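Enquirer: Using only what follows, build the 3D model:
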Amino acid sequence: MAKLVQRYWTSDGAGITRKDRQGCEYFAYVPDKLAGRGFSLDGDVAADVADAEASIIRLNAEASSLVSTESIARMLLRAEAVASSKIEGLSVGARRLLRAEAARVSQPNSRVDVTANEVLGNVDAMAAALDAATNDSDVTVETILGIHARLLAETELAEHAGRVRTVQNWIGGSSFNPCAATYVPPPADDVHELLWDLAEFCNDDSLPTVAQAAIAHAQFETIHPFVDGNGRTGRALIHLILRRRGLAPMTVPPVSLVLATLSTDYIAGLTGYRYEGDMSSSAAERGINRWVAVFAGCCTRSVQDAAGFERRIREIQGAWRQRLGPVRRGSAVDLLVDQLPGTPLVTVGGAAALIGRSFRATNLAIESLLQAGVLHKVTMGRRNRAFEATEVIEAFTDLERRLASPEGDTLVSPPTRRVPTRRD
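Expert: From the prediction side, this is the model:
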(Lines give C-alpha, C1' and ligand atoms only; values in the text may rest on other atoms or scores of the structure.)
Protein backbone atom coordinates (compact mmCIF):
# COMPACT_ATOMS: atom_id res chain seq x y z
CA MET A 1 0.00 0.00 0.00
CA ALA A 2 1.44 3.36 -1.04
CA LYS A 3 1.81 5.58 1.99
CA LEU A 4 3.30 8.63 3.61
CA VAL A 5 5.62 7.91 6.53
CA GLN A 6 6.18 10.53 9.19
CA ARG A 7 9.73 11.50 10.05
CA TYR A 8 11.38 14.23 12.09
CA TRP A 9 14.14 16.39 10.68
CA THR A 10 16.86 17.31 13.16
CA SER A 11 18.68 20.44 12.11
CA ASP A 12 22.48 20.57 12.09
CA GLY A 13 22.33 24.33 12.54
CA ALA A 14 22.94 25.12 8.87
CA GLY A 15 20.76 27.66 7.12
CA ILE A 16 20.43 31.32 6.34
CA THR A 17 17.19 32.00 8.20
CA ARG A 18 15.91 30.89 11.59
CA LYS A 19 13.28 28.78 9.79
CA ASP A 20 15.99 26.97 7.81
CA ARG A 21 17.82 26.14 11.04
CA GLN A 22 14.80 24.62 12.77
CA GLY A 23 13.80 20.98 12.89
CA CYS A 24 10.39 19.82 11.73
CA GLU A 25 8.10 16.90 11.04
CA TYR A 26 7.85 15.86 7.40
CA PHE A 27 6.28 13.04 5.40
CA ALA A 28 8.21 10.81 2.99
CA TYR A 29 6.35 8.91 0.26
CA VAL A 30 6.82 5.14 -0.09
CA PRO A 31 5.27 3.77 -3.32
CA ASP A 32 3.78 0.36 -3.95
CA LYS A 33 6.11 -2.18 -5.53
CA LEU A 34 5.71 -3.06 -9.19
CA ALA A 35 6.98 -6.61 -9.77
CA GLY A 36 4.19 -9.09 -10.47
CA ARG A 37 1.52 -6.43 -10.27
CA GLY A 38 -1.36 -6.10 -12.72
CA PHE A 39 -2.16 -2.80 -14.43
CA SER A 40 -5.44 -1.83 -16.08
CA LEU A 41 -5.27 0.74 -18.87
CA ASP A 42 -8.40 2.65 -19.90
CA GLY A 43 -9.48 2.17 -23.50
CA ASP A 44 -8.35 5.58 -24.71
CA VAL A 45 -5.02 5.27 -22.88
CA ALA A 46 -4.43 1.83 -24.40
CA ALA A 47 -5.12 3.39 -27.80
CA ASP A 48 -2.61 6.19 -27.09
CA VAL A 49 -0.01 3.56 -26.16
CA ALA A 50 -0.73 1.58 -29.34
CA ASP A 51 -0.39 4.74 -31.46
CA ALA A 52 2.92 5.58 -29.79
CA GLU A 53 4.32 2.09 -30.35
CA ALA A 54 3.19 2.05 -33.98
CA SER A 55 4.92 5.38 -34.59
CA ILE A 56 8.18 4.18 -33.01
CA ILE A 57 8.09 0.98 -35.06
CA ARG A 58 7.45 3.00 -38.22
CA LEU A 59 10.35 5.35 -37.46
CA ASN A 60 12.73 2.44 -37.05
CA ALA A 61 11.46 0.65 -40.16
CA GLU A 62 11.88 3.75 -42.29
CA ALA A 63 15.23 4.56 -40.73
CA SER A 64 16.54 1.09 -41.59
CA SER A 65 16.60 2.04 -45.27
CA LEU A 66 18.71 5.17 -44.73
CA VAL A 67 22.44 5.01 -45.35
CA SER A 68 23.12 7.43 -42.51
CA THR A 69 20.86 5.81 -39.91
CA GLU A 70 23.67 5.27 -37.39
CA SER A 71 24.87 8.84 -37.74
CA ILE A 72 21.38 10.28 -37.41
CA ALA A 73 20.65 8.06 -34.41
CA ARG A 74 23.83 9.37 -32.77
CA MET A 75 22.78 12.97 -33.39
CA LEU A 76 19.31 12.30 -31.99
CA LEU A 77 20.91 10.70 -28.94
CA ARG A 78 22.93 13.87 -28.44
CA ALA A 79 19.77 15.95 -28.87
CA GLU A 80 18.01 13.78 -26.29
CA ALA A 81 20.87 14.20 -23.82
CA VAL A 82 20.90 17.97 -24.27
CA ALA A 83 17.16 18.21 -23.67
CA SER A 84 17.29 15.86 -20.69
CA SER A 85 20.00 18.01 -19.14
CA LYS A 86 18.03 21.20 -19.78
CA ILE A 87 15.19 19.85 -17.66
CA GLU A 88 17.66 20.01 -14.76
CA GLY A 89 19.02 23.44 -15.67
CA LEU A 90 22.14 22.50 -17.65
CA SER A 91 21.77 24.62 -20.79
CA VAL A 92 24.37 24.13 -23.53
CA GLY A 93 24.00 25.01 -27.22
CA ALA A 94 24.77 22.47 -29.92
CA ARG A 95 27.95 24.14 -31.17
CA ARG A 96 29.38 24.56 -27.67
CA LEU A 97 28.63 20.95 -26.81
CA LEU A 98 30.19 19.63 -30.01
CA ARG A 99 33.35 21.64 -29.45
CA ALA A 100 33.62 20.40 -25.88
CA GLU A 101 33.14 16.84 -27.10
CA ALA A 102 35.87 17.22 -29.71
CA ALA A 103 38.21 18.93 -27.23
CA ARG A 104 37.74 16.10 -24.74
CA VAL A 105 39.34 13.76 -27.29
CA SER A 106 41.94 15.99 -28.95
CA GLN A 107 42.92 18.12 -25.94
CA PRO A 108 42.46 15.95 -22.83
CA ASN A 109 44.58 18.25 -20.67
CA SER A 110 42.94 21.50 -21.77
CA ARG A 111 40.69 23.68 -19.64
CA VAL A 112 37.35 21.93 -19.11
CA ASP A 113 33.96 23.43 -19.95
CA VAL A 114 32.29 22.22 -16.74
CA THR A 115 28.67 22.62 -17.84
CA ALA A 116 29.26 21.07 -21.26
CA ASN A 117 31.13 18.24 -19.56
CA GLU A 118 28.11 17.47 -17.39
CA VAL A 119 25.89 17.31 -20.46
CA LEU A 120 28.44 15.02 -22.13
CA GLY A 121 28.11 12.82 -19.06
CA ASN A 122 24.44 12.59 -19.91
CA VAL A 123 25.32 11.53 -23.47
CA ASP A 124 27.56 8.82 -21.97
CA ALA A 125 24.82 7.68 -19.61
CA MET A 126 22.28 7.32 -22.39
CA ALA A 127 24.83 5.44 -24.49
CA ALA A 128 25.42 3.17 -21.49
CA ALA A 129 21.69 2.52 -21.26
CA LEU A 130 21.56 1.46 -24.89
CA ASP A 131 24.66 -0.71 -24.44
CA ALA A 132 23.04 -2.37 -21.43
CA ALA A 133 19.91 -3.08 -23.46
CA THR A 134 22.04 -4.69 -26.15
CA ASN A 135 24.45 -6.64 -23.97
CA ASP A 136 22.48 -7.66 -20.87
CA SER A 137 19.69 -10.22 -20.91
CA ASP A 138 18.22 -8.77 -17.72
CA VAL A 139 18.03 -5.35 -16.12
CA THR A 140 19.61 -5.39 -12.66
CA VAL A 141 20.26 -2.85 -9.94
CA GLU A 142 23.87 -2.92 -11.13
CA THR A 143 22.67 -1.91 -14.61
CA ILE A 144 21.00 1.19 -13.17
CA LEU A 145 24.01 2.00 -10.99
CA GLY A 146 26.26 1.68 -14.04
CA ILE A 147 24.20 4.23 -15.98
CA HIS A 148 24.39 6.66 -13.06
CA ALA A 149 28.13 6.08 -12.71
CA ARG A 150 28.64 7.09 -16.34
CA LEU A 151 26.50 10.17 -15.81
CA LEU A 152 28.50 11.61 -12.89
CA ALA A 153 31.94 10.15 -13.66
CA GLU A 154 33.49 13.38 -14.94
CA THR A 155 31.65 15.83 -12.70
CA GLU A 156 32.31 17.44 -9.34
CA LEU A 157 29.93 14.86 -7.83
CA ALA A 158 31.97 11.89 -9.04
CA GLU A 159 32.24 10.55 -5.47
CA HIS A 160 28.49 9.80 -5.62
CA ALA A 161 28.61 8.14 -9.05
CA GLY A 162 26.86 4.78 -9.03
CA ARG A 163 26.12 4.95 -5.30
CA VAL A 164 22.67 4.74 -3.77
CA ARG A 165 21.96 7.57 -1.36
CA THR A 166 22.27 6.97 2.37
CA VAL A 167 20.49 10.19 3.37
CA GLN A 168 17.06 11.69 2.89
CA ASN A 169 16.64 13.89 -0.16
CA TRP A 170 13.75 16.07 -1.29
CA ILE A 171 12.45 18.26 -4.12
CA GLY A 172 11.55 21.92 -3.70
CA GLY A 173 11.45 24.09 -0.61
CA SER A 174 14.62 24.90 1.28
CA SER A 175 18.11 23.60 0.49
CA PHE A 176 18.62 22.94 4.20
CA ASN A 177 15.63 20.83 5.22
CA PRO A 178 12.56 19.06 3.79
CA CYS A 179 10.09 21.02 5.92
CA ALA A 180 8.52 22.86 2.97
CA ALA A 181 9.45 20.41 0.20
CA THR A 182 7.01 19.78 -2.63
CA TYR A 183 7.97 16.09 -2.65
CA VAL A 184 9.98 13.88 -0.27
CA PRO A 185 11.08 10.49 -1.68
CA PRO A 186 11.24 7.27 0.38
CA PRO A 187 13.62 7.11 3.35
CA ALA A 188 17.08 5.83 2.46
CA ASP A 189 16.46 2.48 4.18
CA ASP A 190 13.77 1.64 1.60
CA VAL A 191 15.71 2.52 -1.52
CA HIS A 192 17.63 -0.73 -2.19
CA GLU A 193 14.52 -2.90 -1.97
CA LEU A 194 12.55 -0.56 -4.20
CA LEU A 195 15.34 -0.50 -6.79
CA TRP A 196 15.49 -4.30 -6.81
CA ASP A 197 11.74 -4.40 -7.38
CA LEU A 198 12.02 -1.85 -10.19
CA ALA A 199 14.67 -3.95 -11.93
CA GLU A 200 12.39 -6.99 -11.72
CA PHE A 201 9.57 -4.98 -13.25
CA CYS A 202 11.83 -3.87 -16.12
CA ASN A 203 12.38 -7.55 -16.98
CA ASP A 204 8.66 -8.34 -17.16
CA ASP A 205 7.37 -8.20 -20.74
CA SER A 206 3.65 -8.51 -19.96
CA LEU A 207 2.83 -4.80 -20.40
CA PRO A 208 3.00 -2.90 -23.70
CA THR A 209 6.51 -1.46 -24.03
CA VAL A 210 5.54 2.23 -23.89
CA ALA A 211 3.39 1.64 -20.80
CA GLN A 212 6.24 -0.25 -19.14
CA ALA A 213 8.71 2.54 -19.94
CA ALA A 214 6.28 5.14 -18.58
CA ILE A 215 5.68 3.33 -15.30
CA ALA A 216 9.34 2.41 -14.80
CA HIS A 217 10.38 6.03 -15.34
CA ALA A 218 7.75 7.35 -12.93
CA GLN A 219 8.70 4.78 -10.30
CA PHE A 220 12.39 5.62 -10.63
CA GLU A 221 11.72 9.34 -10.23
CA THR A 222 9.50 8.55 -7.25
CA ILE A 223 12.26 6.52 -5.57
CA HIS A 224 14.86 9.21 -6.38
CA PRO A 225 17.66 6.86 -5.34
CA PHE A 226 20.67 9.12 -5.86
CA VAL A 227 22.05 12.30 -4.35
CA ASP A 228 22.09 13.90 -7.82
CA GLY A 229 21.37 12.94 -11.42
CA ASN A 230 18.06 11.19 -10.77
CA GLY A 231 16.16 12.89 -13.59
CA ARG A 232 18.78 12.18 -16.21
CA THR A 233 19.26 8.58 -15.10
CA GLY A 234 15.49 8.07 -15.11
CA ARG A 235 15.24 9.34 -18.67
CA ALA A 236 18.10 7.08 -19.74
CA LEU A 237 16.04 4.21 -18.29
CA ILE A 238 13.38 5.01 -20.90
CA HIS A 239 15.96 4.34 -23.62
CA LEU A 240 16.97 1.10 -21.96
CA ILE A 241 13.42 -0.28 -21.95
CA LEU A 242 12.51 0.82 -25.48
CA ARG A 243 15.70 -0.79 -26.80
CA ARG A 244 15.54 -3.91 -24.63
CA ARG A 245 11.98 -4.71 -25.69
CA GLY A 246 12.97 -4.37 -29.35
CA LEU A 247 10.59 -1.49 -30.02
CA ALA A 248 13.43 0.87 -31.00
CA PRO A 249 16.30 -1.34 -32.22
CA MET A 250 17.99 1.41 -34.26
CA THR A 251 16.65 4.84 -33.35
CA VAL A 252 15.20 5.80 -29.97
CA PRO A 253 12.95 8.87 -30.36
CA PRO A 254 14.07 11.90 -28.32
CA VAL A 255 11.32 11.71 -25.70
CA SER A 256 13.11 14.09 -23.32
CA LEU A 257 12.93 16.84 -25.92
CA VAL A 258 9.15 16.75 -25.55
CA LEU A 259 9.12 16.20 -21.80
CA ALA A 260 11.33 19.29 -21.44
CA THR A 261 8.81 21.36 -23.35
CA LEU A 262 5.65 20.00 -21.74
CA SER A 263 7.17 20.26 -18.28
CA THR A 264 3.89 21.24 -16.59
CA ASP A 265 2.16 18.10 -17.91
CA TYR A 266 5.26 16.07 -17.07
CA ILE A 267 5.35 17.17 -13.43
CA ALA A 268 1.58 16.89 -13.05
CA GLY A 269 1.71 13.36 -14.48
CA LEU A 270 4.40 12.28 -12.04
CA THR A 271 2.52 13.88 -9.16
CA GLY A 272 -0.68 12.06 -10.08
CA TYR A 273 1.21 8.78 -10.26
CA ARG A 274 2.03 9.12 -6.53
CA TYR A 275 -1.32 8.06 -5.12
CA GLU A 276 -1.92 7.06 -1.51
CA GLY A 277 -3.66 3.88 -0.41
CA ASP A 278 -4.46 0.60 -2.11
CA MET A 279 -3.05 -0.08 -5.57
CA SER A 280 -6.49 -1.18 -6.82
CA SER A 281 -8.18 2.07 -5.77
CA SER A 282 -9.74 4.42 -8.29
CA ALA A 283 -7.19 7.08 -7.33
CA ALA A 284 -4.32 4.71 -8.15
CA GLU A 285 -5.77 3.67 -11.50
CA ARG A 286 -6.66 7.24 -12.42
CA GLY A 287 -3.16 8.55 -11.58
CA ILE A 288 -1.36 5.78 -13.46
CA ASN A 289 -3.59 6.10 -16.52
CA ARG A 290 -3.12 9.86 -16.64
CA TRP A 291 0.64 9.51 -16.49
CA VAL A 292 0.83 6.75 -19.11
CA ALA A 293 -1.34 8.85 -21.46
CA VAL A 294 0.96 11.87 -21.06
CA PHE A 295 4.04 9.74 -21.68
CA ALA A 296 2.55 8.01 -24.74
CA GLY A 297 1.62 11.38 -26.24
CA CYS A 298 5.19 12.61 -25.73
CA CYS A 299 6.52 9.51 -27.47
CA THR A 300 4.27 10.08 -30.47
CA ARG A 301 5.29 13.69 -30.85
CA SER A 302 8.97 12.86 -30.40
CA VAL A 303 8.73 10.41 -33.31
CA GLN A 304 7.22 13.09 -35.52
CA ASP A 305 10.06 15.46 -34.69
CA ALA A 306 12.72 12.78 -35.16
CA ALA A 307 11.29 11.87 -38.57
CA GLY A 308 11.27 15.54 -39.56
CA PHE A 309 14.90 15.90 -38.48
CA GLU A 310 15.86 12.82 -40.50
CA ARG A 311 14.19 14.24 -43.59
CA ARG A 312 16.05 17.52 -43.16
CA ILE A 313 19.37 15.71 -42.78
CA ARG A 314 18.71 13.72 -45.95
CA GLU A 315 17.97 16.95 -47.80
CA ILE A 316 21.26 18.41 -46.57
CA GLN A 317 23.21 15.33 -47.62
CA GLY A 318 21.57 15.41 -51.06
CA ALA A 319 22.59 19.05 -51.49
CA TRP A 320 26.14 18.18 -50.44
CA ARG A 321 26.42 15.45 -53.05
CA GLN A 322 25.12 17.77 -55.74
CA ARG A 323 27.77 20.36 -54.88
CA LEU A 324 30.51 17.73 -54.74
CA GLY A 325 29.65 16.14 -58.06
CA PRO A 326 30.53 12.48 -58.78
CA VAL A 327 32.02 10.78 -55.71
CA ARG A 328 33.47 7.26 -55.72
CA ARG A 329 31.47 4.91 -53.49
CA GLY A 330 33.45 3.98 -50.37
CA SER A 331 35.90 6.85 -50.77
CA ALA A 332 36.89 9.03 -47.83
CA VAL A 333 34.63 11.81 -49.12
CA ASP A 334 31.67 9.42 -49.48
CA LEU A 335 32.16 8.03 -45.99
CA LEU A 336 32.42 11.48 -44.44
CA VAL A 337 29.20 12.64 -46.10
CA ASP A 338 27.49 9.67 -44.43
CA GLN A 339 29.06 10.27 -41.01
CA LEU A 340 28.98 14.06 -40.65
CA PRO A 341 25.29 14.24 -39.60
CA GLY A 342 26.18 12.33 -36.44
CA THR A 343 29.54 14.05 -35.92
CA PRO A 344 29.22 17.51 -37.45
CA LEU A 345 32.43 18.85 -35.89
CA VAL A 346 35.65 16.95 -36.57
CA THR A 347 39.42 17.22 -36.61
CA VAL A 348 41.40 15.48 -39.32
CA GLY A 349 42.59 12.84 -36.84
CA GLY A 350 39.12 12.33 -35.44
CA ALA A 351 37.58 12.05 -38.90
CA ALA A 352 40.25 9.53 -39.96
CA ALA A 353 39.41 7.33 -36.97
CA LEU A 354 35.69 7.74 -37.65
CA ILE A 355 35.82 6.49 -41.25
CA GLY A 356 38.81 4.13 -40.94
CA ARG A 357 41.00 5.89 -43.54
CA SER A 358 44.56 7.26 -43.39
CA PHE A 359 45.29 10.75 -42.13
CA ARG A 360 46.42 11.79 -45.64
CA ALA A 361 43.32 10.43 -47.39
CA THR A 362 41.06 12.05 -44.80
CA ASN A 363 42.87 15.38 -45.05
CA LEU A 364 42.41 15.38 -48.84
CA ALA A 365 38.71 14.52 -48.39
CA ILE A 366 38.24 17.39 -45.95
CA GLU A 367 39.84 19.76 -48.46
CA SER A 368 37.27 18.64 -51.04
CA LEU A 369 34.46 19.15 -48.55
CA LEU A 370 35.80 22.62 -47.70
CA GLN A 371 35.85 23.62 -51.36
CA ALA A 372 32.27 22.40 -51.80
CA GLY A 373 31.10 24.37 -48.77
CA VAL A 374 30.13 21.22 -46.86
CA LEU A 375 32.64 21.96 -44.10
CA HIS A 376 33.93 25.23 -42.66
CA LYS A 377 37.11 25.84 -40.67
CA VAL A 378 36.85 26.65 -36.97
CA THR A 379 39.45 26.98 -34.24
CA MET A 380 39.47 25.06 -30.97
CA GLY A 381 41.87 26.48 -28.44
CA ARG A 382 44.88 28.39 -29.73
CA ARG A 383 46.21 26.14 -32.46
CA ASN A 384 43.90 23.21 -33.07
CA ARG A 385 42.00 23.25 -36.34
CA ALA A 386 38.59 21.70 -36.61
CA PHE A 387 35.90 21.59 -39.26
CA GLU A 388 32.16 21.87 -38.82
CA ALA A 389 29.20 20.95 -40.97
CA THR A 390 27.37 24.20 -40.28
CA GLU A 391 24.14 23.15 -41.99
CA VAL A 392 23.78 20.15 -39.68
CA ILE A 393 24.36 22.26 -36.58
CA GLU A 394 21.77 24.78 -37.82
CA ALA A 395 19.29 21.93 -38.42
CA PHE A 396 19.94 20.74 -34.88
CA THR A 397 19.32 24.28 -33.59
CA ASP A 398 16.07 24.42 -35.55
CA LEU A 399 15.05 21.11 -33.98
CA GLU A 400 15.73 22.46 -30.49
CA ARG A 401 13.66 25.55 -31.19
CA ARG A 402 10.78 23.62 -32.71
CA LEU A 403 10.68 21.18 -29.83
CA ALA A 404 10.69 23.98 -27.28
CA SER A 405 7.33 25.13 -28.64
CA PRO A 406 4.18 23.31 -27.47
CA GLU A 407 2.77 23.70 -31.00
CA GLY A 408 6.02 22.74 -32.72
CA ASP A 409 6.60 26.24 -34.12
CA THR A 410 8.05 29.13 -32.13
CA LEU A 411 6.32 31.60 -34.45
CA VAL A 412 2.97 30.15 -33.40
CA SER A 413 3.62 29.39 -29.72
CA PRO A 414 6.63 30.82 -27.81
CA PRO A 415 9.26 28.47 -26.33
CA THR A 416 8.51 27.21 -22.84
CA ARG A 417 12.21 26.99 -22.01
CA ARG A 418 15.50 28.59 -22.99
CA VAL A 419 16.50 27.82 -26.58
CA PRO A 420 19.25 28.90 -29.00
CA THR A 421 18.55 32.09 -30.94
CA ARG A 422 17.11 31.74 -34.42
CA ARG A 423 19.73 31.91 -37.16
CA ASP A 424 19.51 34.66 -39.78
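Enquirer: Now L242: closest residue in space that isn't a chain neighbour?
Expert: Leaving aside its sequence neighbours, L242 sits nearest to A248 (CB to CB, 6 or more residues apart in numbering; 4.3 Å). Just so you know, the C-beta spots here come from the backbone N, C-alpha and C atoms, and that holds for glycine as well.
Enquirer: and the one you found, what does it touch?
Expert: Each residue near A248 by CB atoms under 8 Å, 6 or more residues apart in numbering is listed here: 56, 59-60, 239, 242.
Enquirer: Now rank those residues by neighbours and give me the top one.
Expert: In terms of neighbour count, H239 stands highest of the contacts of A248 at 29 neighbours, by other CB atoms under 10 Å.
Enquirer: Quick one, grab the pLDDT at that one.
Expert: On the pLDDT scale, H239 is placed at 86.
Enquirer: Show me which residues of the one helix or strand it maps to are buried.
Expert: Using DSSP states H and E, H239 maps to helix 230-244. Applying a neighbour-count criterion of 16 or more other CB atoms under 10 Å, one finds 230-244 buried in helix 230-244.
Enquirer: For burial, what's the neighbour tally of A158?
Expert: Per other CB under 10 Å, the neighbour tally for A158 reads 12.
Enquirer: hang on, the earlier thing: did I read that right, the residue nearest to L242 in a strand?
Expert: No. Counting by DSSP: H, G, I helix; E, B strand; the rest coil, A248 falls outside a strand, being coil.
Enquirer: Report pLDDT for it.
Expert: Looking at A248, its pLDDT reads 89.
Enquirer: Can you give me the distance of it to L240?
Expert: 11 Å (CB to CB, to the nearest Å).
Enquirer: Can you tell me the SS state at S174?
Expert: When classified by three-state DSSP, S174 comes out as coil.
Enquirer: How about it: what's its closest non-neighbour residue?
Expert: Spatially, and ignoring its direct neighbours in sequence, S174 is nearest to D20 (5.3 Å; CB to CB, 6+ apart).
Enquirer: Once you drop chain neighbours, what's closest to C299?
Expert: A52 (4.0 Å).
Enquirer: so what secondary structure elements neighbour the helix or strand hosting the one you found?
Expert: Following DSSP H and E, one finds A52 within helix 43-63. Counting by 3 or more CB pairs under 8 Å, 6 or more residues apart in numbering; DSSP states H and E, the packing neighbours recorded for helix 43-63 are helix 69-87, helix 209-223, helix 282-324.
Enquirer: Tabulate the ones you listed in JSON lines, adding columns for distance to E388, mean neighbour count and mean pLDDT.
Expert: Output for the helices and strands packed on helix 43-63, formatted as JSON lines (distance: least, CB to CB, whole Å; neighbours: other CB atoms under 10 Å; pLDDT from 0 to 100):
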{"stretch": "helix 69-87", "distance to E388": "13", "mean neighbour count": "23", "mean pLDDT": "57"}
{"stretch": "helix 209-223", "distance to E388": "34", "mean neighbour count": "25", "mean pLDDT": "97"}
{"stretch": "helix 282-324", "distance to E388": "13", "mean neighbour count": "20", "mean pLDDT": "92"}
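Enquirer: Compare those and report which one is nearest to A14.
Expert: When the helices and strands packed on helix 43-63 are compared by CB to CB, helix 209-223 sits nearest A14, at 25.8 Å.
Enquirer: Centre of the chain to the closest one, how far?
Expert: Here helix 209-223 shows a centroid-to-chain-centroid distance of 14 Å under the convention CA atoms, centre = their mean, to the nearest Å.
Enquirer: List the contacts of E142.
Expert: With CB under 8 Å, 6+ apart, E142 has no contacts at all.
Enquirer: same check, this time on the one 3 residues further on
Expert: Shown here is L145, whose contacts under the criterion CB under 8 Å, 6+ apart are 162-164.
Enquirer: Which secondary structure element is home to it?
Expert: In the assignment (DSSP H and E), L145 maps to helix 141-152.
Enquirer: And P186, how far from Q168?
Expert: 9 Å.
Enquirer: Quick check: neighbours shared by these two?
Expert: Listed as contacting both P186 and Q168 by CB under 8 Å, 6+ apart are A28.
Enquirer: residue ranges with poor pLDDT in this structure?
Expert: The chain contains residues with pLDDT under 70 at 15, 63-130, 133-136, 380-384, 403-424.
Enquirer: Outline the domain layout of it.
Expert: The chain breaks down into these domains under automatic domain parsing: 3-308, 322-403.
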